[in-house]
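*Asks:* sequence and predicted structure, then a few things I'm wondering about:
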Amino acid sequence: MAEVVLRARGLLKDYYTGGVAQRVLDGVDVDLEAGERVAVLGASGSGKSTLLHLLAGLDRPDAGMVELVGEHIERMGLAAAARLRNRSLGFIYQFHHLLMEFTALENVALPLLIGGISARRARAQARELLARVGLADRTNARPARLSGGERQRVAIARALARRPAVVLADEPTGNLDALTGAEVYALMLEISEQAGTAFLIATHDDAIARAAGRLLHLERGRFTAA
């Protein structure tokens with residue numbers, strides 16, 4: 001059996017508006033195996049982003065557990081959760097979240113520096129990653145000088161910097177045109193297959209979702225049958 005690198009059980013999450021609770025996730029279970037590519041398909045507001053934030057330890061569930069590479073991230077303090085994310089998890093956002101004052105190389109090197117790798121080695125590894133995503137000639141460009149697709153390629157390289165067991169991607173092609181989005185998504189699937197990194201990709205695009213190895217539908221806070 002393949003190793004389960006990310007496991008969640010019974011995730012509940014409520015948000016409050018004017019003192020009234022709105023249930024966003026209602027008892028979600030999910031397993032992600034090493035090297036697996038899973039798409040979570042759901043309309044806007046279905047809870048996809050909330051789910052990914054809970055799985056990454058960026059937010060806490062009201063109930064339930066999240067186990068990342070065998071460790072319960074939902075029980076950890078902020079510093080311990082951040083260290084675990086740095087070692088074992090990459091996150092790709094819809095709007096890339098690159099640091100605009102840094103070059104592409106510096107953005108990719110940052111997780112390595114935070115992880116304690118020397119500046120020289122971090123820069124060398126960042127350069128290799130940028131070449132891997134087709135940006136060998138854009139290492140010194142700042143995000144403002146990059147196209148939308150190039151920014152997302154930098155974000156993918158950054159997410160892979162620490163060779164994580166898991167990458168979570170929240171609508172990674174949602175801010176791109178159809179052709180560029182398809183190219184970026186194909187790159188993610190290719191890297192997943194080559195590196196053995198597990199990808200969990202939240203999307204509202206049915207065509208993109210069905211290119212993954214497994215498809216989960218999120219509706220009204222629960223997974224439903226495909």
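*Replies:* Arrived safely, thanks for sending.

*Asks:* what's the local residue count around the nearest residue in space to D14 that is not next to it in sequence?
*Replies:* Leaving aside its chain neighbours, D14 sits nearest to A21 (4.5 Å; criterion: Cβ to Cβ, 6 or more residues apart in numbering). C-beta here means a position set from N, CA and C on the backbone, and glycine is covered the same way. Number of residues near A21 (other Cβ atoms under 10 Å) recorded here: 10.

*Asks:* so A21: helix, strand or coil?
*Replies:* Secondary structure for A21, judged by DSSP: H, G, I helix; E, B strand; the rest coil, is strand.

*Asks:* didn't A159 look like it was pressed against P172?
*Replies:* No: judged on Cβ atoms under 8 Å, A159 makes no contact with P172 at a distance of 9.4 Å.

*Asks:* who touches both of these two?
*Replies:* Taking Cβ atoms under 8 Å, 6 or more residues apart in numbering as the contact rule, A159 and P172 both touch I92.

*Asks:* can you name the residues in contact with the helix or strand of the chain with the lowest mean pLDDT?
*Replies:* The helix or strand of the chain with the lowest confidence, counting by mean pLDDT, DSSP states H and E, is helix 178-195 at a mean of 78. Under the contact criterion Cβ under 8 Å, 6+ apart, helix 178-195 has outside partners 35, 37, 92, 132-134, 147-149, 152-153, 156, 160, 163, 167, 169, 172-174, 176, 197-199, 201, 205, 208, 211-212.

*Asks:* stretch 83-95 now?
*Replies:* 5, 52, 56-58, 68-69, 71, 73, 76, 111, 114-115, 152, 155-156, 158-162, 164-172, 174-175, 188, 197.

*Asks:* please name the bridge partners of the residue nearest to D14.
*Replies:* With DSSP bridges as the criterion, A21 is bridged to Y16.

*Asks:* now do it against L12, distance only.
*Replies:* Here A21 is placed at a distance of 11 Å from L12 (Cβ to Cβ, to the nearest Å).

*Asks:* before we move on, what about L160?
*Replies:* L160 is 31 Å from L12, by Cβ to Cβ.

*Asks:* which of these two has more neighbours?
*Replies:* L160 (23 against 16).

*Asks:* the residue most central in space within the chain is in what secondary structure piece?
*Replies:* Nearest to the mean C-alpha position of the chain, by Cα atoms, centre = their mean, lies L168 at 2.1 Å. For L168, the enclosing helix or strand under DSSP states H and E is strand 166-170.

*Asks:* and that strand, how far out from the chain's middle?
*Replies:* Strand 166-170 sits 2 Å away from the centroid of its parent chain (Cα atoms, centre = their mean, to the nearest Å).

*Asks:* check stretch 140-148 too.
*Replies:* On Cα atoms, centre = their mean, the centre of stretch 140-148 falls 21 Å from that of its chain.
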